[in-house]
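S.K.: Turn this into a model:
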Amino acid sequence: MSHSPASDTFSVGTHVNDESADRGLVTIARGTFLAWEKLRVIYVAILAVITILLIAPSGFLDERVLLLVVEGAVVANAAYFAGPTIETYIKWLGYDRAWPRWVMFGAGTLLSIVLVVGVLATELLPDQE
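M.R.: Below is the predicted model:
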């Protein structure tokens, strides 16, 4: 008996890939996490350039600012794991499209940029009192 897409709950308006849903979670996670590790290089480079551009002109690099940069780098890399984790779950459910990766990567990178600027601005800008 042939399979009818019309009988699937998810067939209307979604792109469910039964082949992706049938793969094991480890197989899906391995491919997804490896793809995100390639993007991590871009993510770290973007945040490093922005951090350097904010700190270098001020000439203000003391222990406190350095500690903020190191803490921020650890938090940013820990938060980065949300992207591949969510994408793995989405693919495990059977939705196998590329756009969620790019949306999460873009939104996460923009959020990280805002946080870098916000945190460093509080340390590098002179007091306004």
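S.K.: helices or strands next to the longest helix along the chain in the packing?
M.R.: Counting by DSSP state H, the longest helix found in the chain is helix 25-55. Using 3 or more Cβ pairs under 8 Å, 6 or more residues apart in numbering; DSSP states H and E as the contact test, the elements touching helix 25-55 are helix 63-80, helix 82-92, helix 99-124. All C-beta atoms are positioned from the backbone trio N, CA, C, and that covers glycine.
S.K.: average pLDDT for the shortest one?
M.R.: Per-residue confidence for helix 82-92 averages out to 95 on the pLDDT scale.
S.K.: what about that helix, distance to the chain center?
M.R.: A distance of 11 Å separates the centroid of the chain from that of helix 82-92, by Cα atoms, centre = their mean, to the nearest Å.
S.K.: swap in stretch 76-96?
M.R.: 9 Å.
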